[in-house]
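1. have a look at this prediction, sequence included:
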Amino acid sequence: MECTNPAREPLSPLPKTQTRTTPARVRLSRNDGSRVANVYATSPLATLADFRKLMVAQLGEHGESLTFVVDGAPITEAQEQFEPFELGHDVTVLKAETNDVGDTNHKTEKSKAEKSDKKQKEKSEKKAKEDAASVGEQAGHFRVNRKQVKQVDCSGRPTGETEEVVEVTIVGAALKEALRRITQLSLFYEAEPTITAVALLPHIATIKEGTSSLPPPTRPGLSALACFLDAEFAATKAKVEAMLEKGVVSFDALWFLFPKSTKFVATVDECMIGSIVDEAHYSRSFFSNDFVVSAQLVRTNGRSITMVKRNFSIGSFRGTIPISDLALRPITDAEQAKLTARGRVFREHALGCHYLSYSGAGFRKSWFCTTRFKADGRVVVDGANFARFNPNYDMGMSNRRGDESSALGDAGIEDAMLWRCWHSLHGFSLSAKKWLELRVEGLNPVKFDDDAFGRLVLSEERKGLVRALVTQGGSSAGSNFNDIISGKGGGCIFLLHGTPGTGKTLTAEAIAELLHRPLYSVGVGELGVSCSELEEKLREILEVASAWDAVVLIDEADIFLERRSENDIHRNAMVGVFLRLLEYHQGVLFLTTNRVRSFDDAFHSRISVALRYEALGKPARAEVWANLLGAAGIGELDPSALADYELNGRQIKNTIRLAQSLAASEGVGVSAEHVARTVGVTAQFQKEMQGPEC
């Protein structure tokens, strides 16, 4: 693990910008806008409390008697500590009545008493710090060094201000060994490591635990160090605790909110992610200042499950903001329970191939943006094949040597770690025809329509033949016959031919539902227009279909089935490629076409079953109407009467959808009137298409 030396770069709040050469005037005014006084500032101030000090220095007791007004209401001195202040804006104040001499004198005496108490408190705190440091030094555990460091801005230029930095040099070997275990910093392998005291603050809880849990030789040093840190940062802790009670936090107090082992939640890709703080530090660069939290998450590539390190950051901000608005925040019990439920789904589908239903958008990420795709419908979760066909895609898994130790192995994901699982899995959307990242929340078991095959308008003899072929796996299963060449001719290829809208595509869909398998539907446009494209894409489709045990449907495959000619070498080559790849496919494959008479002779011997679909007669149309009306939940309509319209199956389905849309636009249920109106429009168009041109 690569670590930085905190001693060389003190962790502190953001540096102030460079000192102004021309003082900025701040106008103090009453609610009515009348001026009270002017205050001049030569450098930026963080809070109203800082401005109060400057105001008192310039106006004296008059400045102490003023009360700040924010959003129309006066605020207390405690609130001044958290209220941000910016130069260039007027400040509204309430002024004490000067004619009440007794009241003014009382406030003056009170102010003096408060100053005295403050000085006494600072003196006591300083002595407590010195005493705590001397205990550790006298026992030979550590040394404390205080020095003034000049502040610089983001460009490295000095601001003219200084800041006290407290450094701790670890002398005792036992304490050094204990801190090495606690912090996991390579710094503690040095002979006498030096670290800033503020860098130890995120580990103070673990240091205190170590006084009782670690071996006895380390306990005195840890105890002395814990006492020193408590005394050194007592005022800081009190201020931070006051902020946290109000549900707000400042940038320089984030270390207190995220100590090691804190459970937190963050938002990544618009999804909630949970983990545990492994390490937290402030990162200062030329462009930004961030608070960085390192944590481990459970991820998968379809072959293995691994704990992957990820950094989360909170950008710098001025003043205080609500904890609920942070990019990272401590997790609640309800959020952890929700993430645990999602983690169970992740664990169930993390490895192997899984056929599921999905709702929502899938997405693909690149170095410059995230692109979302509509992916509602059936999907196959398959991380291994995602990586195979997208070799340059960042799946969030490190390939560096030495990372194998983070793999979870055969034990898998324990219940206690489920809430730390990643928010998405990699897979293929059968509707979008794309490899995508799929949100775990959108994955659900498939609800198969087992009655779909029974509703096919097909003779029982043909249904029995098709069912027997697909359930027995074609010629390679259920019999002892094999081809002379192993792996050849073991698939089951159906050729469905006939006029449009007679149920060819529906047959393939019903078979997939019957077998509870994915249906990979392919259009000829997806296979390319060259031999190389065809071979690459069709091979990929058939390979993943075999891995998923999917049913393949190549719709309108006329161009690849048409008889070869002597003059078209390019198309002849494409037909040859198509023939060769189909020869070795071992699964169920459907080809649909409207032009069977122009088939190439070589296809005849490669087809297991050829089924002709005749134009629908009136009884068949009535059966189609009955099936589709029942599926749509529309009753009180006579399918026999509707069958008088010479429509094919696809036109009947479109007519019912149009009737549903019409009824929805009127805010009523679908009635016979809606269907009659839409079927009339469809039939009229059909009649015009069949008649002579006008």
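-> That came through, no problem. Numbering: from 1, shown residues only.
2. now stretch 157-172: mean pLDDT?
-> Stretch 157-172 shows an average pLDDT of 81 in the prediction.
3. I should have written stretch 273-286 there, sorry.
-> On average, the pLDDT along stretch 273-286 is 84.
4. which parts of that stretch are buried?
-> The neighbour-count check on stretch 273-286 (16 or more other C-beta atoms under 10 Å) flags Ile273, Gly274, Ser275, Ile276, Val277, Glu279, Ala280, His281, Tyr282, Arg284 as buried. C-beta: built from backbone N, CA, C; applies to glycine.
5. between the residues you listed, which is closest to Asn385?
-> When these are ranked by distance to Asn385 (C-beta to C-beta), Ile273 comes first, at 25.2 Å.
6. Phe264 is in contact with that closest one, correct?
-> No - counting by C-beta atoms under 8 Å, Ile273 sits too far from Phe264 to count as a contact (9.3 Å).
7. what's the first helix or strand after the helix or strand containing Leu628?
-> Remark: Leu628 resides in helix 618-632, with elements defined by DSSP states H and E. Per DSSP H and E, the first helix or strand lying C-terminal to helix 618-632 is helix 639-642.
8. between the buried residues of stretch 273-286, which sits nearest Ser65?
-> Nearest to Ser65 out of the buried residues of stretch 273-286 is Tyr282 (C-beta to C-beta; 38.7 Å).
9. ok, the residue nearest to Pro639 when sequence neighbours are not counted to Ala610 distance?
-> Excluding its sequence neighbours, the residue lying closest to Pro639 (C-beta to C-beta, 6 or more residues apart in numbering) is Trp625, at 3.8 Å. Counting by C-beta to C-beta, to the nearest Å, the gap from Trp625 to Ala610 is 28 Å.
10. kindly report the same for Ala205.
-> Ala205 is 75 Å from Ala610, where distance means C-beta to C-beta.
11. what of Ser283?
-> Ser283 is 68 Å from Ala610, by C-beta to C-beta.
12. what's around Asp32, how many residues?
-> 6 (other C-beta atoms under 10 Å).
13. that one: what secondary structure?
-> Three-state assignment for Asp32 (DSSP: H, G, I helix; E, B strand; the rest coil): coil.
14. how about it, phi and psi?
-> phi -80, psi 0 (degrees, to the nearest 10).
15. likewise for Val168?
-> Dihedral angles (degrees, to the nearest 10) for Val168: phi -120, psi 120.
16. pretty sure it is touching Leu201, no?
-> No - Val168 is beyond contact range of Leu201, at 11.4 Å (criterion: C-beta under 8 Å).
17. quick one, which of these two is more surrounded?
-> Val168 (25 against 21).
18. distance check, the more buried one against Val198.
-> 10 Å.
19. do the same with Lys176
-> On the measure of C-beta to C-beta, Lys176 and Val198 end up 19 Å apart.
20. contact partners for the residue nearest to Pro639?
-> Leu637, Pro639, Leu642, Ala643, Ile652 (C-beta atoms under 8 Å, 6 or more residues apart in numbering).
21. equivalent analysis for Arg517, please.
-> So Arg517 contacts Tyr355, Trp548, Asp549, Ala550, Val551, Val588 (C-beta under 8 Å, 6+ apart).
22. and Tyr358, how many residues sit next to it?
-> Tyr358 has 25 nearby residues by other C-beta under 10 Å.
23. so where does the closest residue to it other than its chain neighbours fall, helix or strand?
-> For Tyr358, ignoring the flanking residues on the chain, the nearest one in space by C-beta to C-beta, 6+ apart is Val379 at 4.3 Å. Using DSSP H and E, Val379 maps to strand 377-381.
24. in the sheet, which strands lie alongside that strand, parallel or antiparallel?
-> strand 354-358 (antiparallel), strand 424-429 (antiparallel) (DSSP bridges).
25. of all those strands, which one is nearest Leu187?
-> Closest to Leu187 of these is strand 424-429 (C-beta to C-beta; 37.1 Å).
26. now that closest one - C-alpha only, PDB.
-> This file holds the C-alpha atoms of strand 424-429, laid out as PDB (Å, rounded to 0.1, in the frame of the first residue of the first chain):
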ATOM      1  CA  SER A 424     -24.900  -3.400 -10.600                       C
ATOM      2  CA  LEU A 425     -24.100  -6.600 -12.500                       C
ATOM      3  CA  HIS A 426     -22.900  -7.100 -16.100                       C
ATOM      4  CA  GLY A 427     -25.200  -8.700 -18.600                       C
ATOM      5  CA  PHE A 428     -27.000  -8.600 -22.000                       C
ATOM      6  CA  SER A 429     -30.400  -7.000 -22.600                       C
END
